[in-house]
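# Kindly return the folded structure for what I paste below:
(chains A and B)
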Amino acid sequence: MTPEHLLYSKEHEWVKATESDPIVTIGITVYAAENLGDIVFIELPETGSNVDQFGKLGEVESVKAVSDIYSPVSGTVVETNSELIDSPEHINDSPYDNGWIAKIQISNSGELDNLMNSKEYDTMLTEE
Amino acid sequence: MSAEQTLKFTALHQEHLNSNAKMVDFGGWEMPIHYEGILAETKSVRSSAGIFDVSHMGRVKITGKASETFLCQITSFDPRQMSDDQAKYGLICNADGGIIDDIILYRKSQNEYLLIPNASNTAEVLEWMHKFKFKEDLEINDITENTTMISIQGPSAQETLNNLIETHSVNLKRFRSTNSQYQGNDIFIGRTGYTGENGFEIVSENTIGSSIWNHLLQLGVKPIGLGARDILRLEAGLPLHGNEISKDINPYQANLERFVSLDRNDYVANLSLKTIFEKGKDISLIGLKVFDRIIPRHNNKIFNLSNKEIGYVTSGSYSPHLDTSIGMGYVQTNESAIANKINLEIRNKIVEAEIIKLPFYKRS
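Sure thing, here's the model as predicted:
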């Protein structure tokens, strides 16, 4: 079920990176979305802002709880998914696609090695 | 409660697990917070009907010739003015006028009542009641753990009830109750609820609780968890003990004065509530609408536009009905006018909101 072409953080964010492109797309996993339940609010980072790997990127809020979103890479936010402001439910309905959160120009591609592949992430989930 | 204490299960516990409920600790009971999802469940209740396991709430039987005079001492309304089969919402206040709990009292006859406290307050309400039980001819029986209470709420609640009880029709006015039968077993039905919708609450022996619940599921009615219940009651402007009301709050501050009848010398809070009433209220409960979907949470601070702190949030949620976030809270009475703009401090952010008239939702 966990998409194989993505990388994952311990905090349940995913990263879509291609070798030639310095801009990566990030979002939160199905596991994170299901645990939060119905998401009703998202605070997106500002375009142009700099983020650190595993530093706070924004917030998602469901009826039940608020959760910080951490950036899985360091870099500059180049675009955010503004559709989520009015339709944050995309994160529940389509976490790996329409529910993407931000695009980040990475400053250090070596940091991708600190993330997990889908198999390692699944193993972590079974241990949680 | 401490973590070591085991949670109580209602008679419907296995039914919740069968419906894939996510279970949480609520007032010492392991209860479903949601099944398919909080917003989908909220929608089911507003558009058709849903069923709730409310067996965690207290059920206290009060019987005997002294029942009425006993209740006069403790309820905020005058039970002498109730008629048989009537139900009344009201408060149990301590001698200072602070709210120990809010309750529903069903009167079957002058000598027989059923009182419904909140789950987490049942023990305290019972303890309070026993302080006034000095008469013979009075019995107080906590039947909570022997009985099951199921709530059917929503625009098609009546139709659902008719389909459940095929043998006879149950026609109840609002805030009325009746003894009835389900497949040969005695049950009790009240037309009451906590959602802002039409609805019924059914009390049965535990032995037939799951039969009734599963029958309702077979009729196509969705099970609804506590998460949706909280949105529904908040949209309906109904207070929750522990949030809007507590022993530090009196009925006037909570805008519940219509449930208080004074000039009753036998009522324990008569004098203190009279004094509070004459003094006027310092703070008032308000409804607030946020100009955003960020959710105000319990104890977020409220400021006026001059940046003066004027109160605090007691409850908040996203409202599917208004498609924005809403809440309730207390502000200084002189700042409580409808349409006043206010600011909320939510996780170090200032969020604009407006005081609006309660309830947020009223059924048509």
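
# okay, CA-based contacts and neighbour counts for the rest of this
OK.

# okay, which residue of chain B is out on the far edge from center?
B:Ser306 (35.7 Å; Cα atoms, centre = their mean).

# Tell me which other helices or strands the longest helix seen in chain B touches.
If you go by DSSP state H, chain B has its longest helix at helix B:206-218. If contacts are counted by 3 or more Cα pairs under 8 Å, 6 or more residues apart in numbering or on different chains; DSSP states H and E, helix B:206-218 sits against strand B:147-153, helix B:157-164.

# Tell me which stretches of chain B form helices.
B:13-18, B:38-47, B:67-72, B:122-130, B:157-164, B:206-218, B:226-235, B:270-279.

# sorry, back to before: could you dump the helices and strands packed on helix B:206-218 to TSV with distance to chain A?
Shown next, in TSV, are these (distance: least, Cα to the nearest Cα, whole Å):
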stretch	distance to chain A
strand B:147-153	21
helix B:157-164	26
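
# Packed most tightly, which of these would that be?
For these, the largest average neighbour count (mean count of other Cα atoms under 10 Å in any protein chain shown) is found in strand B:147-153, namely a mean of 26.

# what residues does that one touch?
For strand B:147-153, the external contacting residues (Cα atoms under 8 Å, 6 or more residues apart in numbering or on different chains) are B:10-11, B:45, B:49-55, B:160-161, B:193, B:195, B:197-206, B:209, B:213.

# go with 7 Å
The contact list for strand B:147-153, computed with Cα atoms under 7 Å, 6 or more residues apart in numbering or on different chains, reads B:11, B:45, B:49-55, B:197-206, B:209.

# Up against chain A, what does chain B have?
When proximity is defined as Cα under 7 Å from any Cα of the partner chain, chain B approaches chain A at B:Gly37, B:Ile38, B:Leu39, B:Arg293, B:Ile294, B:Ser317, B:Tyr318.

# Number of residues surrounding the residue nearest to the last one when sequence neighbours are not counted?
Spatial nearest neighbour of B:Tyr318, excluding adjacent residues (Cα to Cα, 6 or more residues apart in numbering or on different chains): B:Ser325 at 4.1 Å. Neighbourhood size, B:Ser325 [other Cα atoms under 10 Å in any protein chain shown]: 24.

# residue contacts, the residue nearest the centre of chain A?
In chain A, the residue lying closest to the centroid (Cα atoms, centre = their mean) is A:Gly27, at 2.5 Å. With contact set as Cα under 7 Å, 6+ apart, A:Gly27 has these partners: A:Glu13, A:Trp14, A:Val15, A:Pro95, A:Tyr96, A:Gly99, A:Trp100, A:Ile101, A:Ala102.

# now, which of those lie within strands?
In strands, defined here by DSSP state E, the members of the contacts of A:Gly27 are A:Glu13, A:Trp14, A:Val15, A:Ala102.

# Tell me the pLDDT of the residue of chain A found nearest chain B.
Proximity of chain A to chain B (Cα to the nearest Cα) peaks at A:Phe41, 5.4 Å away. We have a pLDDT of 96 for A:Phe41.

# Now do the same contact list for it.
A:Val60, A:Glu61, A:Ser62, A:Pro88, B:Arg293, B:Ile294.

# of these, the lowest pLDDT goes to which?
Among the contacts of A:Phe41, B:Arg293 has the lowest pLDDT, at 93.

# returning to what we had before: out of the residues of chain B next to chain A, grab the one that's most surrounded.
Top of the residues of chain B next to chain A by neighbour count (other Cα under 10 Å): B:Tyr318, with 29 neighbours.

# Now do B:Gln5, the pLDDT please.
pLDDT at B:Gln5 comes out at 69.

# ok, now B:Met1?
At B:Met1, pLDDT is 45.

# Okay, and the beta partners of the residue of chain A closest to chain B?
A:Glu61 (DSSP bridges).

# residue ranges of the strands in chain A, please?
Going by DSSP E, chain A shows strands at A:7-8, A:13-16, A:23-28, A:39-43, A:50-51, A:56-62, A:66-70, A:75-80, A:102-106.

# Let me know which of these is the nearest to B:Glu235.
strand A:39-43 (16.1 Å; Cα to Cα).

# For chain A, which residues are neighbours of chain B?
Residues of chain A lying near chain B (Cα under 7 Å from any Cα): A:Gly37, A:Asp38, A:Val40, A:Phe41, A:Val63.

# Of the residues you listed, which is the most crowded?
A:Val40 (30 neighbours).

# No further questions, thank you.
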